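# Fold the following and give me the result.
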Amino acid sequence: MMELRKLEVFCKVVELKSFTRSAAAVMLSQPTVSEHIRSLEDELGQKLVDRLGRQVEPTPVGRLLYGYAVKILRLQHDALQAVEQYGGKLVGRIMIGSGTIPGTYILPGVIGRFRERYPSIKATLKINSSQQIVQDVLDGQIEIGVVGARWSEKGLDYREIYSDTLSVVAGADHHLAGRKEIALPELLEEPFIFRESGSGTRKVVDQIFENHGVKASDLSEVAEIGSTEAVLEAVREGMGISILSTKAVERDVRAGDVVVIPVTGIQMERPFYMIRRKNRELSPAASVFWVFLQQAGIADKAPGKKTAPAQ
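This is a model prediction of the structure:
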């Protein structure tokens, strides 16, 4: 019978693609991790992972086992939490996934306030592209996600909780820096820096352009960059302009390094959503956080209150 500890080690090897990093993550020696994997392979009579240089990749049957192993370990986690809750003590660890903007500027403060109320619950926050977070929620790797766009994948429950404003961002020395606003056609003439295609910001920006008769390919793209901070650095260095969350650029605007410029006649608002998989019961700790997160979003959207201050 497969031992849960061996499945946990196997999952970590698949996720980190390294025996060395996995050993550190599960607090075992590398030989012990290798032995766990070998033991699983012997038990199943199948090769589960391939060593490709320094990187480890699951075999086809390894990927199949990984999907089931994640569900088994999640069920164990939920069972232990349910027993603890039955005894009157709410403990456990919640797995939260988030896109870059909410994960950097909203959730740290929310999680901090949640921990003040529930100190026995620990939280793991995974920041990735919104598209990847959606997939992780569907796959059961994380229970709750916060993303900045709606994706076409079915099977998710979306709840709007926060709002965000996007603006054109230019370096302080850029020739547009003194403008109070810019017309959309003028953007086509400027070197433009995109976020990567899987990000919520990129999806929303592409949709805004499309709604106003402009294709992303019409812009003079000079780079596509995989993080907001890296895009900001490129803007500061004069590589071009971009469209980013005003939450992400607040400090740079206060420091005088960049300026934000509204686009004439276009409201670039976008919501943030918390997501969970439909028809799947959350663990007790995650269920409490789901309600807390929704209430926090409602409170921050209330009249007279600012939306989720940057942390």
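# Output the contacting helices and strands for the longest helix along the chain.
Identified as the longest helix of the chain according to DSSP state H is helix 60-86. With contacts taken as 3 or more C-beta pairs under 8 Å, 6 or more residues apart in numbering; DSSP states H and E, helix 60-86 sits against helix 4-16, strand 92-98, helix 284-301. No exception for glycine: its C-beta is placed from N, CA and C like everyone else's.
# let's go with 7 Å and repeat that
Other elements packing on helix 60-86 under the criterion 3 or more C-beta pairs under 7 Å, 6 or more residues apart in numbering; DSSP states H and E are helix 4-16, helix 284-301.
# Just the mean pLDDT for that helix, thanks.
Taken as a whole, helix 60-86 has an average pLDDT of 80.
# just stretch 142-157 next, same as before
Stretch 142-157 shows a mean pLDDT of 88.
# So which residues make contact with it?
Applying C-beta atoms under 7 Å, 6 or more residues apart in numbering, the contact partners of stretch 142-157 are 94-99, 101-102, 107, 126, 130-131, 133-134, 136-138, 158, 164, 200-201, 203-204, 270, 272-278, 282-283, 286, 289-290.
# returning to that earlier point: which stretch in the helices and strands packed on helix 60-86 has the least confidence?
For those, mean pLDDT drops lowest on helix 284-301, to a mean of 81.
# Just the buried residues of that one, please?
The neighbour-count check on helix 284-301 (16 or more other C-beta atoms under 10 Å) flags 284-290, 292-293, 296-297, 300-301 as buried.
# go on, stretch 116-135?
Going by neighbour count (16+ other C-beta under 10 Å), the buried part of stretch 116-135 is 118, 121, 123, 125, 127-135.
# Farthest pair within those residues?
Taking C-beta to C-beta as the measure, the buried residues of stretch 116-135 span a maximum distance of 30.1 Å, between 118 and 131.
# Dump the buried residues of helix 284-301 to TSV, plus distance to residue 14.
Converted to TSV, the buried residues of helix 284-301 look like this (distance: C-beta to C-beta, whole Å):
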residue	distance to residue 14
284	27
285	25
286	23
287	27
288	29
289	26
290	27
292	31
293	29
296	34
297	34
300	37
301	39
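# partners of the longest strand seen in the chain, with directions?
Ranked by residue count and defined by DSSP state E, the top strand of the chain is strand 156-171. In the sheet, strand 156-171 lines up against strand 242-245 (antiparallel), strand 258-261 (antiparallel), strand 269-277 (antiparallel) (DSSP bridges).
# Alright, I will stop here.
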